[in-house]
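# no sequence for this one, just the structure:
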């Protein structure tokens, strides 16, 4: 495999970015910030304690992720249909964001479990 060398005006060089994953281009900083804020809110437990941020990585059954995904998807769908987005108030927008973040959590969690099994 041959790799093109990039030469910079400073004299520094690096291998080509060709074929490398572009995380910076694939992800939205705004969406990730919103998701991190959602996840932080969800760390607070009813008994006043706070779970670790990576607690979910200990393992949650796929069936739990699936049922939660459906509940949050149905709420996103409902919010998208009734009332129409053009007549939304601030509470509707917040509910949509909360449910989209919950969907992202469940999709990521399920994908994490699938990847763990795939090895």
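Looks like it arrived, so ask away. These numbers were taken from a predicted model, which means no experiment stands behind them.
# List phi and psi for residue 61.
For residue 61, the backbone dihedrals (degrees, to the nearest 10) come out as phi -60, psi 140.
# With residue 13 instead?
Dihedral angles for residue 13 - degrees, to the nearest 10 - are phi -140, psi 160.
# Against residue 117, how distant is it?
Going from residue 13 to residue 117 by C-beta to C-beta, to the nearest Å gives 41 Å. Backbone N, C-alpha and C define where each C-beta goes, glycine included.
# Ok, residue 110 next?
The gap separating residue 110 from residue 117 is 11 Å, by C-beta to C-beta.
# Between those two, point out the one with more neighbours.
Ranked by neighbour count (other C-beta atoms under 10 Å), residue 110 and residue 117 place residue 110 first, with 19 against 7.
# Need the phi and psi values for residue 49.
Residue torsions, per degrees, to the nearest 10, at residue 49 are phi -80, psi 170.
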